[in-house]
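Chemist: I'd like to go over a predicted model; first the sequence, then the structure.
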Amino acid sequence: MVRGSSVFAAANLVVCGAAWADPNGGCADLSFSDAAALGQPYAQHLELTEITGARRIRLPDPPGSDATCRELRNIAALAGRRRSHAEEIACERALNCMRLGAFSLGTSAESHPRTYLLIRMVNTALLPTLFRLKLHFDRARPNHLDPALTTEIDAPAHPAYPSGHAAQAMLFAIVLSEVNPAAADAHFHDARRIAFNREVAGVHYQSDTVAGFELARKFSALLADEPWYRMLVEHAATEWP
């Protein structure tokens with residue numbers, strides 16, 4: 001597993017870079033410094049109480065060094081697609097710019113206030129679990145491991161695994177599909193699009209995305225047992241045909 005370290009392993013970056021040039025080469029253990037230092041406003045999420053059962057959620061460890069090197073190569077290959085994704089990537093840094101089907105966090109507060117409240121409450125419930133897991137796995141961002149790797153946007157000031165955007169987008173898609181089943185295909189298509197944009201941007205590995213989706217599925221199963229969630233879903237469903 002690629003974890004944080006108190007000492008920046010510059011030599012390991014060189015070895016990893018050499019592995020890129022030599023397809024048959026290996027990749028040394030990768031480490032980086034200060035991955036667990038959460039910048040504001042991220043740290044405040046850890047002060048929130050997790051929903052019942054959330055601390056029992058388990059995710060697989062991030063891939064090891066060799067697999068991470070392969071993922072870095074994939075990220076570098078995606079850089080050529082950034083121009084066509086640049087507008088969405090820049091906008092989706094903010095939660096209010098997420099669009100899933102006909103629902104947008106930026107414009108639906110007036111048109112679908114009950115659904116908007118539901119999604120906001122679900123997001124607030126997810127954040128302490130998401131950031132606890134990020135700190136637990138403490139995975140380096142791609143550009144921490146390969147400084148030559150450019151990013152379309154600044155990498156967030158917290159660890160990469162699991163992807164927060166992937167977890168949020170997929171959880172929102174699951175919830176929106178419960179209140180508006182007819183639009184489920186559009187919801188899940190946009191969730192995958194939002195998550196993939198983060199890979200194209202160079203700030204996430206594909207395995208971050210996969211873990212984010214898994215977190216969303218496991219978290220949604222716990223939400224079903226929350227009385228406040230069931231009430232809000234029932235109310236939000238009245239806003240859709």
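Modeler: Yep, that arrived.

Chemist: number of residues surrounding F196?
Modeler: Using other CB atoms under 10 Å, F196 has 20 other residues around it. (Each C-beta comes from the backbone N, C-alpha and C, glycine too.)

Chemist: my guess is it meets V210, correct?
Modeler: No - when contacts are counted by CB atoms under 8 Å, F196 is not listed as touching V210 (11.5 Å).

Chemist: now do the helices in the protein.
Modeler: Secondary structure of the chain (DSSP state H): helices at 10-21, 65-78, 82-91, 108-111, 113-137, 142-145, 164-179, 184-200, 206-223, 227-237.

Chemist: any chance of those helices in JSON lines, with distance to G101 too?
Modeler: As requested, the helices of the chain are exported to JSON lines (distance: least, CB to CB, whole Å):
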{"stretch": "helix 10-21", "distance to G101": "39"}
{"stretch": "helix 65-78", "distance to G101": "25"}
{"stretch": "helix 82-91", "distance to G101": "15"}
{"stretch": "helix 108-111", "distance to G101": "11"}
{"stretch": "helix 113-137", "distance to G101": "11"}
{"stretch": "helix 142-145", "distance to G101": "30"}
{"stretch": "helix 164-179", "distance to G101": "7"}
{"stretch": "helix 184-200", "distance to G101": "4"}
{"stretch": "helix 206-223", "distance to G101": "16"}
{"stretch": "helix 227-237", "distance to G101": "14"}
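
Chemist: quick one, which of the ones you listed is packed in tightest?
Modeler: A comparison of the helices of the chain by mean neighbour count, using mean count of other CB atoms under 10 Å, puts helix 164-179 on top with a mean of 25.

Chemist: tell me the angle that helix makes with helix 227-237.
Modeler: For helix 164-179 against helix 227-237, the angle between stretch directions is 60 degrees (axes from the mean of the first three to the mean of the last three CA atoms, to 10 degrees).

Chemist: now helix 164-179 and helix 113-137, what's the angle there?
Modeler: On the basis of the same axes, to 10 degrees, helix 164-179 is oriented at 140 degrees to helix 113-137.

Chemist: show me what helix 164-179 is packed up against.
Modeler: Applying 3 or more CB pairs under 8 Å, 6 or more residues apart in numbering; DSSP states H and E, we find helix 164-179 packed against strand 99-100, helix 113-137, helix 184-200, helix 206-223, helix 227-237.

Chemist: need the ones you listed in JSON lines (columns: mean pLDDT).
Modeler: Output for the helices and strands packed on helix 164-179, formatted as JSON lines (pLDDT from 0 to 100):
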{"stretch": "strand 99-100", "mean pLDDT": "96"}
{"stretch": "helix 113-137", "mean pLDDT": "96"}
{"stretch": "helix 184-200", "mean pLDDT": "98"}
{"stretch": "helix 206-223", "mean pLDDT": "98"}
{"stretch": "helix 227-237", "mean pLDDT": "98"}
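
Chemist: between these, which gets nearest to L78?
Modeler: With CB to CB as the criterion, L78 lies closest to helix 184-200 of the helices and strands packed on helix 164-179, at 4.9 Å.

Chemist: packing partners for that closest one?
Modeler: In terms of contacts (3+ CB pairs under 8 Å, 6+ apart), helix 184-200 is packed against helix 65-78, helix 82-91, strand 99-100, helix 164-179, helix 206-223.

Chemist: mind running it again at 10 Å?
Modeler: Judged by 3 or more CB pairs under 10 Å, 6 or more residues apart in numbering; DSSP states H and E, helix 184-200 is in contact with helix 65-78, helix 82-91, strand 99-100, strand 103-104, helix 164-179, helix 206-223.

Chemist: in JSON lines: the ones you listed, plus distance to R192.
Modeler: Shown next, in JSON lines, are the helices and strands packed on helix 184-200 (distance: least, CB to CB, whole Å):
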{"stretch": "helix 65-78", "distance to R192": "15"}
{"stretch": "helix 82-91", "distance to R192": "13"}
{"stretch": "strand 99-100", "distance to R192": "10"}
{"stretch": "strand 103-104", "distance to R192": "16"}
{"stretch": "helix 164-179", "distance to R192": "8"}
{"stretch": "helix 206-223", "distance to R192": "8"}
